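**Student:** Predicted model and sequence follow; I will ask about them next.
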Amino acid sequence: MDTETMVRTFVEYVEERGHRRISGSTLLPPPGDPVLFTTSGMHPLTPHLEGRPHPLGRRLVNVQRCLRTTDLEEVGDATHLTVFEMLGTWSLGDYEGPRSLDWGYRLLTEGLGVDPGMLYATVYAGDDRTGPDTASLEVWQELGVPVELTVEDNWWSNGPVGPCGPDSEIFLWSGDTPPRSTPTRDDRWVEVWNHVMMRHRRLENGSLVPLPQRNVDTGLGLERLASLLQGKSSVFECDVFDPWRRIVPALWPLDEPSLRLAYDHLRSAVVVLGDGVRPGNTGRGYVLRRLLRRVLTVLWRDDPSRSLGDLPDELVSHTLHHCRQTGDPREVRRVLLEEERRFHHLLIRGRHLLARPRFQGPLSDEDFRYLHDTHGLPRELVTSLREE
């Protein structure tokens, strides 16, 4: 089953149960949201989770592309990507967690063909503030799915203040042996779907107060699910990356970790550009610039002649099409090459500056500030150049 079929199966299943599909595409959060990029499907829905009526009703579904810079250093393992798609459902004060979990189980097993014996669930065990999530526990026990109780791993929050609540996570076995152990003890159990019973608001003093309505917020990572259902060992082997795996290794003979970084960061950069962001020294622009510079550093490590201009139009067009973006591939390539030239000139200037006697010894914070403020050399780039 390819990812397009998975998305269609997911959306149709929940639409049959009264959910209305909402637009959920751009990486740019709504005005007033403090985050740089949309990190989950709930971002545009925060006012409605806190009680404001939604024009499409109380049962919603969407497909939301997300970007998480917090996972940047983990990119390259089997499950993490910088830009990914999240399938989400919401109950805004309508049904509660047990119904959501029952539907989730049946969608996975009946709709997507997952073997029930390959599933494991985790449930909130409770602490001194809130009791255990017995309702979710009972659902899994009735369905015959093994359950592990945890505290910190099954409490969801969107930050130090704001909506929060217990969650129940569904894991799928990825090992080549029969399932064993539990999700917290064996990382071959891969989390695919989180169901949050969003009932509380955490205040600045850490106390919890009830939300005006009891919500359910779920999120299922598409690429992660696809890799598991397609029998692949990592997200980079699912069908989303087929053209990247076919083309990039022939262009640039890199080791596997470097290839994965190139796949992820270049694909993410194309998506960010497709949403209208341009490279810059602050905010969203700097995230984009950092992604591209990390790729170029890897490419030029062994061969300075490599260029983003080597990428065929096919890869840019495929990525924009997959993410339902209407940007011009030629404009995306133009920006990529312009940023490459900028970084190349910056490296030349940086090496020249760091060759001065002043910078031969250990660098102080004042040195780093001078190099950044006067010459535009970020601290991490200076550190990288000194390690050459």
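**Tutor:** Cool, got the structure. Numbers count the residues shown, from 1 in each chain.
**Student:** ok now the helix or strand where residue 195 lies, how far from the chain's centre?
**Tutor:** According to DSSP states H and E, residue 195 maps onto strand 189-202. In this view, strand 189-202 has its centroid 15 Å away from the chain centroid, taken as CA atoms, centre = their mean, to the nearest Å.
**Student:** can you check stretch 348-361 too?
**Tutor:** So, by CA atoms, centre = their mean, the centroid of stretch 348-361 is 38 Å from its chain's centroid.
**Student:** now do stretch 162-177
**Tutor:** Distance, centroid of stretch 162-177 to centroid of chain: 15 Å (CA atoms, centre = their mean).
**Student:** Going along the chain, name the helices of the stretch 151-300 of the chain.
**Tutor:** Assigned by DSSP state H, counting those that start in this stretch, the stretch 151-300 of the chain shows helices spanning 222-229, 242-251, 256-274, 283-302.
**Student:** Which residues belonging to stretch 268-283 are considered buried?
**Tutor:** The neighbour-count check on stretch 268-283 (16 or more other CB atoms under 10 Å) flags 268, 269, 270, 271, 272, 273, 274, 275, 277, 279 as buried. For every residue, glycine as well, the C-beta is placed using N, CA and C.
**Student:** my read: the last one touches residue 335, true?
**Tutor:** When you say that, I think you mean residue 279. Yes - contact criterion CB atoms under 8 Å: residue 279 and residue 335 qualify, at 7.0 Å.
**Student:** list the buried ones in stretch 227-235?
**Tutor:** 227, 228, 229, 232, 234, 235.
**Student:** chain center to it, what's the gap?
**Tutor:** 17 Å.
**Student:** start at 10 instead
**Tutor:** Shifting the count to begin at 10 puts that one at stretch 236-244.
**Student:** low pLDDT regions in the chain?
**Tutor:** For the chain, applying pLDDT under 70 flags the ranges 33, 80.
**Student:** Among the buried residues of stretch 236-244, which pair sits farthest apart?
**Tutor:** Farthest pair in these (CB to CB) is 238 and 243. Separation: 13.5 Å.
**Student:** The helix or strand where residue 13 lies relative to helix 231-238, how many degrees between them?
**Tutor:** According to DSSP H and E, residue 13 maps onto helix 12-24. For helix 12-24 against helix 231-238, the angle by axes from the mean of the first three to the mean of the last three CA atoms, to 10 degrees is 110 degrees.
**Student:** For residue 286, see how far away the closest residue to residue 129 other than its chain neighbours is.
**Tutor:** Of all residues not flanking residue 129 in the chain, residue 180 sits nearest, at 4.5 Å (CB to CB, 6 or more residues apart in numbering). Distance of residue 180 to residue 286, given as CB to CB, to the nearest Å: 34 Å.
**Student:** Could you do residue 135 as well?
**Tutor:** Distance from residue 135 to residue 286, by CB to CB: 42 Å.
**Student:** what does residue 205 give?
**Tutor:** Counting by CB to CB, the gap from residue 205 to residue 286 is 29 Å.
**Student:** go on, residue 396?
**Tutor:** For residue 396, the distance to residue 286 - CB to CB - is 29 Å.
**Student:** if I've got this straight, residue 145 is in a helix?
**Tutor:** Yes - Residue 145 forms part of a helix when assessed by DSSP: H, G, I helix; E, B strand; the rest coil.
**Student:** give me the number of residues near it?
**Tutor:** By other CB atoms under 10 Å, the residues close to residue 145 number 25.
**Student:** That one contacts residue 206, doesn't it?
**Tutor:** Yes - with contact defined as CB under 8 Å, residue 145 reaches residue 206; the gap is 7.5 Å.
**Student:** anything in contact with each of the two?
**Tutor:** 106, 175, 177 (CB atoms under 8 Å, 6 or more residues apart in numbering).
**Student:** and the second one, what does it touch?
**Tutor:** In this structure, residue 175 makes contact with 132, 133, 139, 142, 145, 163, 164, 165, 205, 206, 208, judged by CB under 8 Å, 6+ apart.
**Student:** and what of the first one?
**Tutor:** Shown here is residue 106, whose contacts under the criterion CB under 8 Å, 6+ apart are 142, 144, 145, 148, 177, 204, 206, 225.
**Student:** mind running it again at 6 Å?
**Tutor:** 144, 145, 206, 225 (CB atoms under 6 Å, 6 or more residues apart in numbering).
**Student:** Save the residues you listed as JSON lines, and put in distance to residue 81 too.
**Tutor:** Below are these laid out as JSON lines (distance: CB to CB, whole Å):
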{"residue": "144", "distance to residue 81": "36"}
{"residue": "145", "distance to residue 81": "32"}
{"residue": "206", "distance to residue 81": "30"}
{"residue": "225", "distance to residue 81": "30"}
